[in-house]
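> Need coordinates for the below:
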Amino acid sequence: MSANCTEAPGTIPSDAGVAGIGVLLSFIVTAAISLVISASLIFQETRRSTSQKLSTLRRKLLNSYSDQQILTGIGIQSVGLAKTSSMVPYHFFLVWMLSLLSMAVHNATLLALARDFRRDWVLRWMRQILMLANLVLSCVYGVYILRGVQRGLSDETFPITCVWQDSTPNGPAPSNEGISFAGTIAVVAGNVVIFALATWYLHARTRRLYTVFQIVGLLLMAAFSVGATVRVAYLADAFSGKAPVPLADDGEREWSFGQLLSVGMLLLPLVSTVEILRGEIKCAPPVAADQYDSDDKGQLLGVEEQELRTNNGGRGTGTADFQPNPFWGSQTNLFRK
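Coordinates of the predicted model:
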C-alpha cells in the first residue's frame, strides 16, 4: 500500500502491537529484572570470595531474559520497518526506544556472562550476530528519526516513509530541534562505539581491568535503560495519555489478549528455573574468576572440559576458558591458529 504523503490525516489509529501497554511493560520489566540480576552477579564476582559459589539459577535466568529481550527487540524493529508506509513517526520513535532498551539489557548481560560465552564458540558467535543485527536495525531507525527531525515531521501524522518524499510538506521546526538532532546523532554514534567495545569484550583473552570494565559498563547500560524508559513513559499514550499525535481510539491503553500475552511471556524463563531445581535439566555451575588458573574439571552448559579440549584439536591446556571457533583463531591469538 502506497503512503499518502501530500495530505496528513486528522487522526491516526492506535497501534497496540508496538505501543500497547502490555508490550511496553514487558520490555521495561524484563530490562529491570535483567539489570538487577546482572548487577548481583557482577557484584558477587568482584568480591572474589573462594567460598562463595556463583548462582547457576540466576545465570540461567539472566541468559533467558536477555535472549527474549534481544530477539523481541529485533522482531519489533523488523515489524516497524515493514510498516513504514503506514506507521507514523510517533510509533516509529517508540520502537526505536524499545530497541535501545533491549540493546542495553543484552550488553549488561554480556558483562555478567561473557566468560560463559567465551567457553563455547557457537554461543559466542551467535551473540555476535544478534548484536550486529540489532545495531544495523537501530542505525536505520536513527537515520529515519534524523530525517524526520530535519523536516519537522516528528510530531506529524504522515507515515514515516514520507520523510524521504519531496512532495511531503515540511512541518514546523520544533523548539528543541537542535537538541533532538544532536541527541539522535549522539545515540547512533554511541551505539556503534558500544558495539565495538562489546565485540572486543566478548572475544578478548586478557583479564586486565576486567572488574573496572564490568562496573563502568553496567552503570552506563543502566543509564541507557533508565533514559529510554523515562522517554517511553513520558511519550507513550499507554502511560501518559498525552501522545504528541491525535489518536483515533484508546487501543494502546486497553488490556487485550495480545497485551496480556506479552506480559505473560515474562514467566517463560521461570519454567527453566523450576526445571533446574527439580533436576529435569542438568546445568553445570560456572567457574569463578579466581579458579581459572587451576585445573578445573567442571562442566558448563552440559559440555565437559575434556570435550572442549578435544574440539580444540588437543591444543588447549589448563582450563578451557576460551574456545576458539574451528575456522580461525586460537586460545591466545584471535587471527592465527
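> which residues of the stretch 201-337 of the chain fall in strands?
299-300, 303-304 (DSSP state E, counting those that start in this stretch).
> which stretch in these is the model least sure about?
Mean pLDDT is lowest for strand 303-304 out of the strands of the stretch 201-337 of the chain, coming in at a mean of 42.
> What sits closest to L130 if chain neighbours are left out?
Of all residues not flanking L130 in the chain, I70 sits nearest, at 5.3 Å (Cβ to Cβ, 6 or more residues apart in numbering). Just so you know, the C-beta spots here come from the backbone N, C-alpha and C atoms, and that holds for glycine as well.
> ok, that neighbour - contacts?
S102, M103, V105, H106, L130, M131, N134 (Cβ atoms under 8 Å, 6 or more residues apart in numbering).
> and which of those residues is nearest to L197?
Ranked by distance to L197 (Cβ to Cβ), these are led by M131 at 11.1 Å.
> looking at it, that closest one is touching A198, isn't it?
Yes - at 6.2 Å, M131 counts as touching A198 under the criterion of Cβ atoms under 8 Å.
> Do a quick rundown of the helices in this structure.
Along the chain, counting by DSSP state H, helices occupy 16-19, 21-46, 56-82, 89-118, 121-150, 177-203, 210-235, 257-264, 268-278, 305-311.
> Buried deepest among these, which one?
helix 89-118 (a mean of 24; mean count of other Cβ atoms under 10 Å).
> other SSEs contacting it?
Counting contacts by 3 or more Cβ pairs under 8 Å, 6 or more residues apart in numbering; DSSP states H and E, helix 89-118 is packed against helix 16-19, helix 21-46, helix 56-82, helix 121-150, helix 177-203, helix 210-235.
> Select, out of those helices, the one closest to P169.
Across those, P169 has its closest neighbour in helix 121-150 (13.5 Å, Cβ to Cβ).
> Compute the inter-axis angle for that closest one and helix 177-203.
Relative orientation of helix 121-150 versus helix 177-203 (axes from the mean of the first three to the mean of the last three Cα atoms, to 10 degrees): 170 degrees.
> Now do helix 121-150: distance to the chain's middle.
Relative to the centre of its chain, helix 121-150 is centred 10 Å away, using Cα atoms, centre = their mean, to the nearest Å.
> swap in stretch 166-176?
For stretch 166-176, the distance to the chain centre is 32 Å (Cα atoms, centre = their mean).
> Quick check: buried residues in it?
By neighbour count, with 16 or more other Cβ atoms under 10 Å as the criterion, the buried positions of stretch 166-176 are T168, G171.
> Report the mean per-residue pLDDT for that stretch.
77.
> For it, measure first residue to last.
One end of stretch 166-176 to the other measures 23 Å (Cα to Cα, to the nearest Å).
> let's have the chain start at 147 instead
In the new numbering, first residue 147, that becomes stretch 312-322.
> now what about that stretch, what contacts it?
C151, T152, V295, R297, G298, L299, S300, D301, E302, F304, C308, S326.
> Can you select the buried ones among those for me in PyMOL?
Buried members of the contacts of stretch 312-322, defined by 16+ other Cβ under 10 Å, are picked up in PyMOL with:
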select buried, resi 151+295+297+298+299+300+301+302+304+308+326
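> so which pair among the contacts of stretch 312-322 is furthest apart in space?
Between any two of those, the greatest separation by Cβ to Cβ is 24.9 Å, found for T152 and S326.
> Leaving out chain neighbours, which residue sits closest to F239?
Spatial nearest neighbour of F239, excluding adjacent residues (Cβ to Cβ, 6+ apart): I291 at 6.2 Å.
> just the CA coordinates of stretch 350-368, formatted as CSV?
Extracted in CSV, the C-alpha atoms of stretch 350-368 (Å, rounded to 0.1, in the frame of the first residue of the first chain):
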residue,chain,number,x,y,z
ALA,A,350,39.1,-10.7,24.5
ARG,A,351,41.6,-13.1,26.1
THR,A,352,43.0,-10.6,28.6
ARG,A,353,41.7,-10.0,32.1
ARG,A,354,43.3,-6.7,32.8
LEU,A,355,40.9,-4.1,34.2
TYR,A,356,38.2,-6.7,33.9
THR,A,357,36.3,-5.6,37.0
VAL,A,358,36.6,-1.9,36.2
PHE,A,359,35.2,-2.6,32.7
GLN,A,360,32.3,-4.5,34.2
ILE,A,361,31.3,-1.9,36.7
VAL,A,362,31.6,1.1,34.3
GLY,A,363,29.8,-0.8,31.6
LEU,A,364,27.0,-1.8,33.9
LEU,A,365,26.5,1.8,35.1
LEU,A,366,26.4,3.0,31.5
MET,A,367,23.9,0.4,30.4
ALA,A,368,21.7,1.2,33.4
